[in-house]
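> Need coordinates for the below:
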Amino acid sequence: MTSSRVSNLHCQTVISIQNNYCITLFFSDKCPLSTYIFLVSFPLFWQEVSVLMMLNFFVDGPPGQGCNLISRIVGGSNTEEGEWPWQVSLHFVGAAYCGASVISKEWLVSAAHCFQGSKLSDPRAWRAHLGMQMQGRAKFVSGVRRIIVHEYYNSRNYDYDIALLQLSTPWPDTMSHLIQPICLPPSSHKARRGDKCWITGWGQKQEAGEFYPLHRVEIIDQTLCHSTYGIITARMFCAGLSSGKRDGCKGDSGGPLSCQSIGDGKWFLTGIVSWGYGCGRPNFPGVYTRVSNFAPWIHKYVPSVL
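Sure, this is the predicted structure:
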């Protein structure tokens, strides 16, 4: 029996996990499907569960999100604690300014335009708030040791709008039920028209009218995206709804556009909130940095990520 989080396991191995936390198990020929697993809750009970039942348990169980874990999809305008565990709020001199995504114990991905200028590019002025459901209630706060803005970033058209941040203090394992990395898409990954994804953040909730901080959006056809704005490069794509109202807004820049794989249920950082015309205006979708184009660049600085 092997696991995405514990290696070199054999039958009769005991795995200890925290309450309200889940772990994905993959079974090898060392543990045939006739094998039984015992769920142990000290000091209350032992429960014998077949492997087939366990597979269903993990798929339908609590949302242990993160790169190697399967998660449910939820709806509504509010988020539950730990529901989007890779979401980060970046604070500049004490105020929420941009968003970011957790990709490892000490690295975040954000947008390059958040760090333009001598003051904004100074890591000492930033704090990363992780494990947070609402602003001001972060479970873990770290300073920023290093900011790496892509060397080809173009401030005129937001091309190559991506940056990496190294935390001064890696988030602890005790926070794993609230903080988890999101998977990075491989270079071959393509965001396709109609893909259902989510944008999250705590930025300005509206430009005008009704607007929500959590919403499901669709990937927009690249030709339509280009015809709308005219300056869309291969490193950008559009997402939203033709009716508007679902978009990132001021303060969400650098935050994630998260898409769930239909095959294995993993969540991927498909896009980074970059720019657009207004916030959630009809026929003007948000523009996002295409993360798959930057997989080699990210791995150059953070080789440990998938």
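> so what's the nearest residue in space to Pro123 that is not next to it in sequence scoring on pLDDT?
Nearest residue to Pro123 in three dimensions, chain neighbours excluded: Val144, at 4.2 Å (Cβ to Cβ, 6 or more residues apart in numbering). Glycine gets a C-beta too; all of them are placed from N, C-alpha and C. Val144 is assigned a pLDDT of 98 by the prediction.
> With Ser274 instead?
Ser274 is given a pLDDT of 94.
> for the stretch 101-250 of the chain, what spans make up the strands?
107-110, 126-130, 140-149, 163-167, 196-200, 214-219, 236-240 (DSSP state E, counting those that start in this stretch).
> Those: which one's closest to Asp252?
strand 196-200 (7.3 Å; Cβ to Cβ).
> That closest one: partners in the sheet, and parallel or antiparallel?
strand 214-219 (antiparallel), strand 256-260 (antiparallel) (DSSP bridges).
> Go through whichever helix or strand comes after the shortest one and flag the buried ones.
Toward the C-terminal end, the helix or strand that comes next after strand 256-260 (DSSP states H and E) is strand 267-275. With burial defined by 16 or more other Cβ atoms under 10 Å, the residues of strand 267-275 counted as buried are Trp267, Phe268, Leu269, Thr270, Gly271, Ile272, Val273, Ser274, Trp275.
> Restrict strand 267-275 to CA atoms and write it as CSV.
C-alpha atoms of strand 267-275 as CSV (Å, rounded to 0.1, in the frame of the first residue of the first chain):
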residue,chain,number,x,y,z
TRP,A,267,-7.0,21.2,-8.5
PHE,A,268,-4.7,23.0,-10.9
LEU,A,269,-3.6,26.7,-10.9
THR,A,270,-4.7,27.3,-14.5
GLY,A,271,-4.6,31.1,-14.3
ILE,A,272,-3.5,34.1,-12.3
VAL,A,273,-5.8,37.2,-12.0
SER,A,274,-4.1,39.7,-14.2
TRP,A,275,-6.2,42.5,-15.8
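> other SSEs contacting it?
On a contact count with 3 or more Cβ pairs under 8 Å, 6 or more residues apart in numbering; DSSP states H and E, strand 267-275 meets strand 95-102, strand 107-110, strand 196-200, strand 236-240, strand 256-260, strand 286-290.
> Check which residues of the first one are buried.
Buried residues in strand 95-102, counting neighbours by 16+ other Cβ under 10 Å, are found at Ala96, Tyr97, Cys98, Gly99, Ala100, Ser101, Val102.
> Please apply the same query to the third one.
Residues of strand 196-200 classed as buried under the neighbour-count rule (16+ other Cβ under 10 Å) are Cys197, Trp198, Ile199, Thr200.
> Quick one: mean pLDDT for that strand?
85.
> what's the answer for the shortest one, then?
Confidence for strand 107-110, expressed as mean pLDDT, is 98.
> again, but for stretch 159-179
95.
> pLDDT at Gln204, what is it?
pLDDT, read off for Gln204, is 49.
> And for Leu44?
34.
> Give the bridge partners for Cys197, please.
Under the criterion used (DSSP bridges), Cys197 bridges to Val217, Cys259.
> Okay, now the unreliable bits of this protein?
1-81, 133-136, 194, 203-214, 242-251, 278-282, 306 (pLDDT under 70).
> mind redoing it with 80?
1-83, 133-137, 190-196, 201-215, 241-252, 262-264, 276-283, 306 (pLDDT under 80).
> Show me how the record splits it into domains.
2-60, 87-181+295-301, 196-292 (automatic domain parsing).
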